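Provide a 3D model corresponding to the input given below.
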Amino acid sequence: MTLTPAPAPASTPESKRATSESPRLVASPAAPARRGWVAKVVAPIVASRHTPRMLRRTLLSFGEVDAQQAAIAPACTFGGVVRIGAGTHIDSGCFFDERGSLTIGDRCQLGRGVVVLAAGRDSAHTGRARPVTTIGDRCWVGTGTVIGPGVVVGDDVVVAPGSTVVDDCAPGGVYAGAPATRIAELSDRWRGPAGPAPEPDAPAAEPPPREPSHGVASFRSVSVLDVDCDRLDALADLPRGPARVLVRRSGVPVGLIDVVLDDERGAAELRRGLASMPPPGTSKAIGTPPPASLVITTKDRTESLERCLRSVQGSSHDRLEVVVVDNAPSDRATQRLVSGLSRGWSELTYVCEPTPGASRGRNLGALRATNEIVLFADDDVEVDPAWAATLSCAFGADPSVRCVTGLVIAADLTTQAQVWFEEFGGFGKGFARQEFDLGPSRPGNPLYPFTPGVFGSGNNTAVLRSTFLDLDGFDVALGPGTPTRAGEDLDLYLKFVHAGWRIQYEPAALTWHHHRRDVDALQRQVHDYGVGLSALFTKWALRGSPSTGDIARLAPAALSMLLRPTSAKNETKSHTYPKALTRLELMGVVRGPLAYLRSQHRESRRRA
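As a prediction, this is how the structure comes out:
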């Protein structure tokens, strides 16, 4: 079935029924006739009781079913566009009408024989919007329930067996009957987050074993502080408790100090650390920076985006164009935010990219940019006042430098999940300026140039627009919003160095990143990074010589980096770091190759 995303709908009662996971979709008139081999060949294998769950999910993904983190029993019939969240269990005999679209949230249970219907057959041929049915997070739908087209079932809803749901179900209630009506309120004891979603292959009826709570119960939030050695008077007002201190000299970041400021000993340790900090290995921008364009791609995160844009407003760069790309939005909230801010900010513009994919959004932003220097930042960062000017001034001294990356520091470490992400690797790449290429600036790392994170991060990157476009920008088959989920930034850096250009890492260009705050989000992020990493390796292995030989040569070292506890990647993990996160990352690595093939398949269908 071929679908093309439509632009964001106006704010009407109908459009408000869609969620960020279920963008409005429009059916092609020829869609029912184009199911082809997916229906004839894949469907019987999917329905077989002898098909392993992982193979079942993989085969479904070649249709229009996104269920990579769900458990699906045999004998289910899938049609239309179906997106199923993490930890959800679909029991046997369920039927999803091919003429509709369905989004199911995380940690849901659908009993045997649940049926989700679409509208009459005429709507599948007229090109009108397909009915989008939404089932929220943590819902329980009983055996034999029938759900009508376009129904929205809110979070924490229980639907009794044998019910017929024809109207929306408000969150937190129990529904029963034909038609289903609300018969009871769901106690707060049973509502809300129920812990991390189970791993996809675990039986849904038995939650997976949780990691021991050691280290979590005693967790103390870490204050993130910014101290300049030229202004030590600020030390008198430091908070008590664990702290991570970014140290600057003359405004330039030179190092980090982790210290516990519970007593005078901690303060003395901090003072000794400050005194031992080296002079800056780089310098701030000098002179007037050249004009530049900043591209920020976002999706349904207006609060985070506003925080990012407010930091950009404080930039010292006075010739900075800002392009906000709204990627497959579910509503017009981002457009309204940018419109409001642009009234006093003429350099701020809004662009909508209706097709999902962060890479696609960034490429569109670069096309709309009017300056040769293009900066990229994500909506979950805050930029330092000198960031844009420092990145812009990095070009020019060396004509072979066509890409510049900067330093990314955690903005806050108030939750255990944020600290675990730092142990996972974070985004920091050190405080010394470096250059990378395949010649004299080639580092000694055995995995280079395929070393994850060695060049920098996509949330703090600048490029020369002409070279970026010559290299076809970010690969639209990689990154958030695609089956591969990540890997697009390392792929871009590989394009630059393989084309003979040089990448410069400039630690004076500082951004602050807001890590995921809860363990559920961290689990998804770590899993997605694993998917993106092996998807990227798959892409370059399929390019042919010499990339195929390079990947084969590096495979043993890559496996050692992932699995050996004392590797540079794993040595920073504390004893509290959950083994479940490591398993999820490895699970993602296993899924990456098929995810890349699936993503390429989707892109070829879009181009057809």
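
going forward, measure contacts between C-alpha atoms and count neighbours the same way
OK.

what about the helices in the stretch 451-600 of the chain?
Here the stretch 451-600 of the chain has its helices, by DSSP state H, counting those that start in this stretch, at 465-470, 488-498, 519-541, 547-563, 579-607.

those helices: lowest mean pLDDT?
Note on the helices of the stretch 451-600 of the chain: lowest mean pLDDT is at helix 547-563, with a mean of 81.

buried set for it?
S547, T548, D550, I551, A558, M561, L562 (16 or more other Cα atoms under 10 Å).

which non-adjacent residue is nearest the fifth one?
Which is A558. Setting aside the residues directly before and after it, A558 is nearest to L447 in space (Cα to Cα, 6 or more residues apart in numbering), at 6.9 Å.

now the one you found: how far from D550?
Plainly put, L447 is 9 Å away from D550 if you go by Cα to Cα, to the nearest Å.

quick one: secondary structure of G255?
strand (DSSP: H, G, I helix; E, B strand; the rest coil).

quick check: bridge partners of it?
V247 (DSSP bridges).

count the residues that sit near it.
G255 has 19 neighbouring residues, counting by other Cα atoms under 10 Å.

ok, the most centrally placed residue in the chain - contacts?
Centroid check for the chain by Cα atoms, centre = their mean gives P480 as the closest residue, at 4.9 Å. Applying Cα atoms under 8 Å, 6 or more residues apart in numbering to P480 gives the contacts G357, A358, S359, A486.

now do the phi/psi pair for it.
With angles defined as degrees, to the nearest 10, P480 sits at phi -60, psi 140.

distance of it relative to A358?
Noted for P480: a distance of 5 Å to A358, by Cα to Cα.

ditto for E347
Taking Cα to Cα, one finds E347 at 22 Å from A358.

between these two, which one's more packed in?
For E347 versus A358, neighbours defined as other Cα under 10 Å are more numerous around A358 (31 against 13).

any idea how far N363 lies from V381?
Taking Cα to Cα, one finds N363 at 19 Å from V381.

check V114 too.
Noted for V114: a distance of 42 Å to V381, by Cα to Cα.

again, but for R319
Using Cα to Cα, one gets 21 Å for the distance from R319 to V381.

of these two, who's got more company?
Legend: neighbour count by other Cα under 10 Å for R319 and V381, higher for V381 (24 against 17).

which strand residues bridge the residue nearest to the more buried one when sequence neighbours are not counted?
Leaving aside its sequence neighbours, V381 sits nearest to H513 (Cα to Cα, 6+ apart; 4.4 Å). Beta bridges link H513 to V381, A410 when assigned by DSSP bridges.

now do H513 against D300, distance only.
For H513 relative to D300 (Cα to Cα), the value is 18 Å.

ok, the two, which is more surrounded?
The residue with more neighbours, out of H513 and D300, is H513; 22 against 19, by other Cα under 10 Å.

now do the same contact list for that one.
D380, V381, E382, V408, I409, A410, A411.

can you pick the most crowded of those?
In terms of neighbours by other Cα under 10 Å, the contacts of H513 top out with E382 at 26 neighbours.

state the distance from it to W512.
From E382 across to W512, the span is 5 Å (Cα to Cα).

what ranges of the stretch 51-200 of the chain fall below the confidence cut-off?
52-55, 57-58, 61-64, 119-131, 188-200 (pLDDT under 70).

swap the cut-off to 90 and go again
Low-confidence segments of the stretch 51-200 of the chain (pLDDT under 90): 51-83, 85-87, 92-102, 117-133, 149-150, 185-200.

helices along that one, start to end?
Using DSSP H, counting those that start in this stretch, helices in the stretch 51-200 of the chain cover 53-61.

residue most distant from the centroid, the chain?
E264 (41.5 Å).

do you know the pLDDT at that residue?
Looking at E264, its pLDDT reads 85.

what does it show for phi and psi?
Per degrees, to the nearest 10, the backbone of E264 is at phi -70, psi -30.

now do the same contact list for it.
Contacts for E264 (Cα under 8 Å, 6+ apart) come out as none.

D237 - how many residues pack around it?
Around D237 there are 7 residues (other Cα under 10 Å).

offset the numbering so it begins at 853, please.
In the new numbering, first residue 853, that becomes D1089.

which residues touch it?
Counting by Cα under 8 Å, 6+ apart, there are no residues that D1089 touches.
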